[in-house]
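1. here are the coordinates; sequence isn't available:
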């Protein structure tokens, strides 16, 4: 018995072939009740849409990409299960429900490592100012959206990660716990999360009336550099009783430094960080961090990219972050 075709399904549902196609792709509006009826009939008939046929008709590949120029030490880390990987897992599932495949491009500073591979669109995670990946994909005419706004590029649709609010939440928490001399470890790369974290810290120091102690660190050197710089900070400024680390690898480096100097955490110095990943959870003591709701953010980014591919411009904002209180600060 031959497999049912899209025409068979359209006749059974009493709709056009185009309506059936849109019901499965989600790329044009179809009345929800009609779309549900079409899918139910497809299941009964054993019809399965052909992604290859759709790709041939549309001239698309059916593949979207997720990429970042963040250093590997920050984006993934030694566990390979860091910030970028959490986003990738959720984005892949979201793409699959839309009958798309997601290709994860490992953290890469430029676009010369993946040759002539074509994608229908790309999600860039926390692009930097003048990010080479933006230039690469724009040159190829590939639609782009970003997770975290791209500095200086308001024309790129983005899911705003609320980085300023996240930093303010952590700094206010330290102050509420009694920290009155807070140091900040900020990434040196010009990404919105680091730019906004620095601005929030400087405003906090000004408001609380203490001179800022801010160190910009190269993310490539991650935990080791953060440990060395925190050792220096604590030895030169023994009054420090709080450390705000805008990158989780910096926070674990700060914990190492405090332990070497026998500074009790949280008794003598409290440590907090932005991302509630494995580093924060497995640190000793575990780190107070922020749940950025990355699965929801990834879902919104995939939909934003589909809108961009279809020529629709939209905006999206991540859910309000939640403080995850742990032993490093309480």
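-> The structure has been received and is ready for your questions. Keep in mind the model is a prediction, meaning the values are calculated, not measured.
2. Which residue ranges of the stretch 201-330 of the chain form helices?
-> Assigned by DSSP state H, counting those that start in this stretch, the stretch 201-330 of the chain shows helices spanning 222-236, 248-260, 278-282, 294-309.
3. mind checking the SS state of residue 164?
-> helix (DSSP: H, G, I helix; E, B strand; the rest coil).
4. thinking again about what came up before, any idea which of the helices of the stretch 201-330 of the chain gets closest to residue 330?
-> If you check each of the helices of the stretch 201-330 of the chain against residue 330 by CB to CB, helix 278-282 wins as the nearest, at 13.8 Å. Every residue, glycine included, has its C-beta placed from N, CA and C.
5. Point out the other helices and strands that the closest one packs with.
-> Helix 278-282 sits against helix 248-260, with contacts defined as 3 or more CB pairs under 8 Å, 6 or more residues apart in numbering; DSSP states H and E.
6. Quick one: mean pLDDT over the helix it packs on.
-> Mean pLDDT, computed over helix 248-260, is 96.
7. which strands and helices sit next to that helix?
-> strand 182-187, helix 222-236, strand 242-245, strand 270-275, helix 278-282.
8. In TSV: those, plus distance to residue 162, mean neighbour count and mean pLDDT.
-> Converted to TSV, the helices and strands packed on helix 248-260 look like this (distance: least, CB to CB, whole Å; neighbours: other CB atoms under 10 Å; pLDDT from 0 to 100):
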stretch	distance to residue 162	mean neighbour count	mean pLDDT
strand 182-187	17	25	98
helix 222-236	24	19	96
strand 242-245	16	28	98
strand 270-275	11	28	96
helix 278-282	18	19	92
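9. closest to residue 95 out of those?
-> So among the helices and strands packed on helix 248-260, strand 270-275 is nearest, using CB to CB, at 22.8 Å.
10. Partner strands of the closest one and their direction?
-> strand 242-245 (parallel), strand 288-291 (parallel) (DSSP bridges).
11. What are the buried residues along the last one?
-> This points to strand 288-291. Judged by neighbour count using 16 or more other CB atoms under 10 Å, the buried positions of strand 288-291 are 288-290.
12. same check, this time on stretch 139-153
-> So, applying 16+ other CB under 10 Å, buried residues of stretch 139-153: 142-151, 153.
13. Contacts for that stretch next, please.
-> Stretch 139-153 has contacts (CB atoms under 8 Å, 6 or more residues apart in numbering) with 87, 118-131, 134, 137-138, 156-161, 163, 190-193, 195, 297-298, 301, 304-305, 308-309.
14. What is the end-to-end distance of that stretch?
-> The stretch stretch 139-153 measures 15 Å between its terminal residues, going by CA to CA, to the nearest Å.
15. next one: stretch 5-23
-> Start-to-end span of stretch 5-23 (CA to CA) is 15 Å.
16. now, among the buried residues of strand 288-291, which is nearest to residue 328?
-> Closest approach to residue 328 among those (CB to CB): residue 288, at 5.2 Å.
17. if you skip the residues just before and after it, what's nearest to the closest one?
-> Nearest non-adjacent residue to residue 288, counting by CB to CB, 6 or more residues apart in numbering: residue 329, 4.1 Å away.
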